[in-house]
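[1] Sequence plus the predicted model coming up.
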Amino acid sequence: MTHPQIKASDGARYTRILSVGAARGDLTVPNADLIGPIDSSDEWIQQRTGIITRKRASQDILAVDLATDASLEAIKRSGINAADIDLVIVATISNTMPTPSMATLLAERVKASPAAAYDISAACAGYAYAIAQADALIKSGVSNYALVVGAEKLSDIVDPTDRSISFLLGDGAGAAVIGPSDTPGISQTVWGSDGSKWDTIGMNGTIQQYRRGEVEWPTLRQEGQTVFRWAVWDMAKVAAQALVVAGITSDQLSAFIPHQANMRIIDELAKQLKLPDSVVRARDIATTGNTSAASIPLATHRLLEEHPELSGGLALQIGFGAGLVFGAQVVVLP
């Protein structure tokens with residue numbers, strides 16, 4: 001008996017980032033505002049992290065509000081209609097509720113409905129993960145245009161007295177529109193996880209424990225030294241592998257855009273990759289802070305604003321964080 005065959009989908013051969021948009025919290029928070037509860041100093045924070053000020057959002061501004069502003073800018077700059085976007089992926093760890101997704105509300109707000117929409121939880125690697133998914137789904141023919149967003153309001157889940165991570169974190173959203181391309185614009189992604197270090201970054205309790213009165217409102221914590229060593233040594237290997245997979249060498253890069261976790265990590269990664277001085281390093285962390293899934297698109301947006309000559313050049317982007325998870329790819333800058 002001969003069975004009928006399913007029709008094969010026919011997608012784009014290549015994809016690229018068409019545009020980026022950004023939104024940062026409306027409040028500028030200097031180190032001086034945070035040092036009291038953690039018994040620290042402005043000098044110590046700058047020395048350890050490179051952060052001078054960070055952006056945080058007012059109480060009535062949600063992560064989805066930041067995502068909306070960033071997305072509207074990206075869509076406007078992309079030159080395509082919002083109605084043509086049939087996929088919305090939001091990378092976040094700070095949605096205000098487990099369900100429904102932030103992505104469905106965002107799709108409605110930017111007039112992309114009835115686009116497929118979902119959130120992913122891959123912490124600081126979330127944007128790189130979402131880029132990988134959008135690239136694959138457009139190439140497979142499942143989608144035509146994708147809106148990829150990293151959106152975080154981390155100030156809602158910090159404890160002002162915590163010395164491990166609270167002073168690092170900021171609020172913001174970065175968005176990118178991905179579409180078909182005549183030439184390769186997004187390389188194959190190098191990604192993965194290390195669950196053996198699952199408890200080195202994360203919440204200090206569960207919602208269930210909070211409801212039972214066993215813990216205060218859960219907030220973020222990290223084992224700083226363990227995470228620092230992993231980020232520096234293991235992520236340098238991942239970044240180097242991403243260059244190999246993309247078929248390029250470090251001197252062919254125009255920019256290096258790592259997750260804005262810590263200035264010392266950024267500098268050490270660049271050193272291990274032997275990046276020449278001609279490669280512009282993203283340093284958005286100095287005045288934005290660590291915005292988890294939003295940090296790479298925010299840093300990309302700032303680089304292109306300050307260095308428009310980078311447009312069309314190659315950038316190596318790498319995200320890494322809680323899980324522990326990591327993802328890296330080389331992209332053509334819009």
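    It's in. Numbers count the residues shown, from 1 in each chain.
[2] For the closest residue to Thr291 other than its chain neighbours, grab the count of nearby residues.
    Counting by CB to CB, 6 or more residues apart in numbering, Gly172 is the residue found nearest to Thr291 once chain neighbours are left out, at 4.5 Å. Placement of C-beta: from N, CA and C, glycine included. Gly172 sits with 33 neighbouring residues when counted by other CB atoms under 10 Å.
[3] do you know how far Gly172 is from Gly213?
    Taking CB to CB, to the nearest Å as the measure, Gly172 falls 33 Å from Gly213.
[4] picking that back up, enumerate every residue touching the residue nearest to Thr291.
    22-25, 55, 66, 70, 151-152, 288, 291, 294-295, 298 (CB atoms under 8 Å, 6 or more residues apart in numbering).
[5] Where helices are concerned, which of those count?
    66, 70, 288, 295, 298 (DSSP state H).
[6] quick one: secondary structure of the nearest residue to the last one once chain neighbours are set aside?
    In this case it means Leu298. Using CB to CB, 6+ apart and skipping residues adjacent in sequence, the residue nearest Leu298 is Gly174, 4.2 Å away. State at Gly174, reduced to three classes by DSSP: H, G, I helix; E, B strand; the rest coil: strand.
[7] how near is Gly174 to Met1?
    53 Å.
[8] Tell me which of these two has more neighbours.
    Gly174 (34 against 2).
[9] I'd say that one and Arg302 touch.
    No: with contact defined as CB atoms under 8 Å, Gly174 does not count as touching Arg302 (9.5 Å).
[10] For the two, list the residues in contact with both.
    Joint contacts of Gly174 and Arg302 (CB under 8 Å, 6+ apart) are Ala22.
[11] related to what we said a few turns ago, who is the residue nearest to Thr291 paired with across the strands?
    Here Gly172 sits in beta bridges with Arg24, Glu152, going by DSSP bridges.
[12] And for Gly192?
    In beta-bridge terms (that is, DSSP bridges), Gly192 pairs with Phe326.
[13] Provide a list of residues in contact with it.
    So Gly192 contacts 238, 325-327 (CB under 8 Å, 6+ apart).
[14] for His259, same thing?
    With CB under 8 Å, 6+ apart, His259 has these contacts: 124-125, 290, 295-296, 318-321.
[15] Tell me which two of the residues you listed sit farthest apart.
    Within the contacts of His259, Asn290 and Ile318 form the most distant pair, 14.5 Å apart (CB to CB).
[16] ok, those two, which is more surrounded?
    Ile318 (27 against 24).
[17] Report the spatially closest residue to that one, excluding sequence-adjacent ones.
    Nearest residue to Ile318, sequence neighbours excluded (CB to CB, 6+ apart): Ala328, at 3.8 Å.
[18] so where do the helices sit in the stretch 51-200 of the chain?
    Shown for the stretch 51-200 of the chain, the helices assigned by DSSP state H, counting those that start in this stretch span residues 63-78, 102-109, 126-140.
[19] Ok, which of those comes nearest Trp233?
    Per CB to CB, nearest to Trp233 of those: helix 126-140, 18.9 Å.
[20] relative orientation of that closest one and helix 102-109 in degrees?
    70 degrees (axes from the mean of the first three to the mean of the last three CA atoms, to 10 degrees).
[21] For helix 126-140, buried residues please.
    For helix 126-140, burial by neighbour count (16 or more other CB atoms under 10 Å) applies to 126-139.
[22] Domains in the protein, by residue range?
    With domains defined by automatic domain parsing, the chain comprises 14-181, 190-332.
[23] hang on, the earlier thing: quick one: which of the contacts of Gly192 is nearest to Asp277?
    Nearest member of the contacts of Gly192 to Asp277, counting by CB to CB, is Val238, at 22.9 Å.
[24] Spit out the contact partners of the closest one.
    190, 192, 318, 320, 326, 328.
[25] Surely the first one and Val245 touch.
    Okay, so that is Val190. Yes: contact criterion CB under 8 Å: Val190 and Val245 qualify, at 5.8 Å.
[26] Of these two, which one has the most company?
    For Val190 versus Val245, the count of surrounding residues by other CB under 10 Å is larger for Val190: 23 against 15.
[27] OK, contacts around that one?
    So Val190 contacts 238, 241-242, 245, 327-329 (CB under 8 Å, 6+ apart).
[28] with the residues you listed in mind, which one is nearest to Met102?
    Gly327 (19.6 Å).
[29] I'd like the distance between the residue nearest to Gly313 when sequence neighbours are not counted and Ala294.
    By the measure of CB to CB, 6+ apart, the closest residue to Gly313 outside its immediate chain neighbours is Ser254, 2.7 Å from it. To Ala294, Ser254 is 22 Å away according to CB to CB.
[30] the more surrounded of those two?
    A side-by-side neighbour count of Ser254 and Ala294, using other CB under 10 Å, places Ala294 first with 37 against 19.
[31] quick one: contacts for the more buried one?
    Counted by CB under 8 Å, 6+ apart, Ala294 has contacts 66, 127, 150-152, 172-174.
[32] Now it. Nearest residue, chain neighbours left out?
    Gly150 (4.0 Å).
[33] looking at it, that neighbour is touching Gly174, isn't it?
    Yes: Gly150 is within contact range of Gly174, at 5.2 Å (criterion: CB under 8 Å).
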